[in-house]
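> Below: sequence and its predicted model.
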Amino acid sequence: MQGGLRSFLSHGNVIKNAVLQRVRMVNPMMQSVASSRFESVTPARIEEHGFESTTIADVLKDKGKGADGSWLWCTTDDTVYDAVKSMTQNNVGALVVVKPDENKAIAGIITERDYLRKIIVQGRSSKSTKVGDIMTEENKLITVTPDTRVLQAMQLMTDNRIRHIPVIDAKGMIGMVSIGDVVRAVVREHRQEVERLNAFIQGGY
């Protein structure tokens, strides 16, 4: 999957070239005109319309209110069994871990990978092991901000081989996105770019 994501990240220019090739096939006389227009106008137009400018804040907004400040969580004192049960019931692959006090301060994150590597592989009991014993602690978390662009987030997740990444602002953690959330946002951006390029070639701009 990681190799596939790296390949996907390099396809922006491929899309543009494919559209230009279509122009050449339909009308060779338009080749120089289209190329000139792409070189001189398209970057500004694409930026104006937001290509590759979708942010993590946009992703959280698309996920709905439940993803913005009310994400699923467990405490450091919960058993790993209960945490995994919660993941299964809610069809998610990670939970935010908070400290068991009134402030509910962020302590870290627990993922399916933590369960597999630190419980199953090591032959430990999920019912007697606390979440705090196997979670990824807060000071080791790889995070993004609401202003991070989705392509940057995808690259960060790919390079570090992680599938979930917390979103942090000045006040603390405000949500979490998965690699699936990020990929969907990038695919949507590329689809919109193709539509804009087609409209540009046909005189829509």
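Yep, it's here.

> can you map out the strands along the chain?
For the chain, the strands defined by DSSP state E occupy 73-75, 94-98, 106-111, 136-137, 164-169, 172-178.

> For the longest one, output the C-alpha coordinates as PDB.
Spelled out, that is strand 172-178. Extracted C-alpha coordinates of strand 172-178, given in PDB (Å, rounded to 0.1, in the frame of the first residue of the first chain):
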ATOM      1  CA  GLY A 172      -4.700  20.700  21.900                       C
ATOM      2  CA  MET A 173      -6.100  17.800  19.900                       C
ATOM      3  CA  ILE A 174      -9.100  18.500  17.800                       C
ATOM      4  CA  GLY A 175      -9.600  15.300  15.900                       C
ATOM      5  CA  MET A 176      -7.900  12.500  14.000                       C
ATOM      6  CA  VAL A 177      -7.700  11.500  10.300                       C
ATOM      7  CA  SER A 178      -6.900   8.100   8.700                       C
END
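
> which other residues reach it?
Outside strand 172-178, the residues that touch it by C-beta atoms under 8 Å, 6 or more residues apart in numbering are 56, 59-60, 63, 67-69, 71, 93-94, 96, 106, 109, 144, 146, 153, 163-168. No exception for glycine: its C-beta is placed from N, CA and C like everyone else's.

> List the strands paired with that strand, with their directions.
strand 164-169 (antiparallel) (DSSP bridges).

> For the strand it pairs with, list every residue counted as buried.
His164, Ile165, Pro166, Val167, Ile168 (16 or more other C-beta atoms under 10 Å).

> quick one: which two of those residues are the most distant?
His164 and Ile168 (13.4 Å; C-beta to C-beta).

> Kindly state the beta-bridge partners for Val144.
Val167.

> just to revisit the earlier point, filter the contacts of strand 172-178 to the buried ones?
56, 59-60, 63, 67, 71, 94, 96, 106, 109, 144, 146, 153, 163-168.

> Sketch out the low-pLDDT regions of this structure for me.
By pLDDT under 70, the low-scoring segments of the chain are 1-52, 64-71, 203-205.

> Can you check which helix is longest in it?
For the chain, the helix with the greatest residue count under DSSP state H is helix 179-201.

> correct me, but Lys99 touches Thr76?
Yes - contact criterion C-beta atoms under 8 Å: Lys99 and Thr76 qualify, at 6.0 Å.

> overlap in contacts of those two?
Residues touching both Lys99 and Thr76 by C-beta under 8 Å, 6+ apart: Ala107.

> Helices along this structure, start to end?
Along the chain, counting by DSSP H, helices occupy 2-9, 12-26, 31-40, 42-49, 56-63, 80-90, 112-115, 131-134, 150-159, 179-201.
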